[in-house]
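> attaching a predicted model along with its sequence, questions to come.
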Amino acid sequence: MNRIDQLFVEKRAKDEAAMIFYVTAGYPDLATTEQVIDILAEEGADLIELGIPFSDPIADGPTIQAASHVALERGVTVTAILELAARLRARHPRLALLFFTAYNPVFHRGDATFAAEAAAAGVDGLLVPDLPPEEAGALQQAAAKAGLCVVFLVAPTTTPARAEKIAAASTGFIYYISLKGVTGARASLPPDLEEKVNALRRITAKPVAVGFGVAQPEQARAIARFADGVIVGSALIKLIGENPDDAERESRLRPFVRALVQAAARPKAAQVDGGS
């Protein structure tokens, strides 16, 4: 059982949701990425999706697209990101790490090589949004051999029959996309989100984490009532971009992360009994 599997076992035992953050590796530079993830870990983040920037983004909204562009312009490479992951693993042995990447960087290195290098760096899983389960056999085999999870996504438009296939293929957890369209913070969540997630949970016992559009503790608290994990990405990237000074960024980042972690970690029974 790797760290992602263990995380959700522990969270379910506590009747809590995992708090997951997406960070674009190399935005605005690798040193800042490392500092940000240190803060996330110190404030109680459970899992980090470390985004490998790519020139042709998949489902990324303008905030993450811009962050990836900056990282690529400054010469961030997969090798440098693997080295970053290894440093983070050495300092944070319990923190779950997942690479979020287009398939092109994986293909360029080779499925087996990429999976082995990721595992050696201390990464626990892979999420490749442009690689459907039907075409992921080689990567799944390589990942399984290396002890990595391979996470797949379910969208609001996914049919029940297709959702079953995706759920069967996904390991670690299933990423449920909360809304149609691309990533980006939203003021409100779709009114049928709970219904959609519950429908998915009826066809699988695997953990379900919800992302896209989540930006506020109130949203995280609401999602934690019915999902196993809450994912925040664009809102975090936006905060990083708006605060280039290290001290100012840290002073804003810590309370932001702490509030989200506390919202997701609040026991689900208490949320229902006391209102969300």
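Nice, thanks for sending it over.

> any chance you could list what contacts the biggest helix by length in the chain?
Across the chain, the longest stretch assigned as helix under DSSP state H is helix 246-265. Outside of helix 246-265, the residues that reach it under the criterion CB atoms under 8 Å, 6 or more residues apart in numbering are 16-19, 21, 32, 35-36, 39-40, 43-45, 217-218, 220-221, 223-224, 229-230, 232, 235-236, 239-240, 243. Heads up, the C-betas are built off the backbone N, CA and C, glycines and all.

> buried subset of those residues?
In the contacts of helix 246-265, burial by neighbour count holds for 16-19, 21, 32, 35-36, 39-40, 43, 45, 217, 220-221, 223-224, 229-230, 232, 235-236, 239-240, counting by 16 or more other CB atoms under 10 Å.

> where does the prediction get shaky in the stretch 51-200 of the chain?
57-61, 180-188 (pLDDT under 70).

> so where do the helices sit in it?
Across the stretch 51-200 of the chain, reading from the start of the chain, the helices by DSSP state H, counting those that start in this stretch fall at 62-73, 78-91, 103-109, 111-120, 137-146, 160-169, 193-201.

> pick out the residue nearest the middle of the chain.
The residue at the geometric middle of the chain, judged as the C-alpha nearest the mean C-alpha position with CA atoms, centre = their mean, is Glu49 (3.8 Å).

> and it, which of the three is it?
Three-state assignment for Glu49 (DSSP: H, G, I helix; E, B strand; the rest coil): strand.

> what pLDDT does it get?
On the pLDDT scale, Glu49 is placed at 98.

> the residue nearest to Ile4 when sequence neighbours are not counted: how many residues sit nearby?
Beyond its immediate neighbours in the sequence, the residue positioned closest to Ile4 (CB to CB, 6 or more residues apart in numbering) is Gly172, lying 4.1 Å away. A total of 27 residues lie near Gly172 under the criterion other CB atoms under 10 Å.

> now swap in Leu131 and tell me
Neighbourhood size, Leu131 [other CB under 10 Å]: 22.

> does it really touch Ala138, like I thought?
No. No contact is recorded between Leu131 and Ala138 when judged using CB atoms under 8 Å, the distance being 9.9 Å.

> what touches both of the two?
The overlap between the contact sets of Leu131 and Ala138 (CB under 8 Å, 6+ apart) is empty.

> wouldn't Gly241 be in contact with Ile64 here?
No. In terms of CB under 8 Å, Gly241 does not count as a neighbour of Ile64; the distance is 10.5 Å.

> and these two? Which one has more around it.
A count of neighbours by other CB under 10 Å puts Ile64 above the other of Gly241 and Ile64, at 25 against 16.

> how long is stretch 97-117 from one end to the other?
According to CA to CA, to the nearest Å, stretch 97-117 extends 14 Å from its N-terminal end residue to its C-terminal end residue.

> tell me the SS of Tyr21?
If you look again at residue 21, you'll see it is Phe, not Tyr. The three-state label given to Phe21 by three-state DSSP is strand.

> for it, list each beta-bridge partner.
For Phe21, the residues forming beta bridges with it (DSSP bridges) are Ile48, Val232.

> who's in contact with it?
40, 45, 47-49, 231-233, 236, 257 are the contacts of Phe21 under CB under 8 Å, 6+ apart.

> make a markdown table out of those and add distance to Lys196.
Compiled in a markdown table, the contacts of Phe21 are given as follows (distance: CB to CB, whole Å):
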| residue | distance to Lys196 |
| --- | --- |
| Leu40 | 28 |
| Ala45 | 25 |
| Leu47 | 22 |
| Ile48 | 25 |
| Glu49 | 21 |
| Ile231 | 15 |
| Val232 | 19 |
| Gly233 | 19 |
| Leu236 | 24 |
| Val257 | 27 |
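
> what's the farthest-apart pair in those residues?
For the contacts of Phe21, the maximum inter-member distance is 14.4 Å, found between Glu49 and Val257 (CB to CB).

> wouldn't Leu193 be in contact with Gln219 here?
No. With contacts counted by CB under 8 Å, Leu193 stays clear of Gln219, the gap being 9.7 Å.
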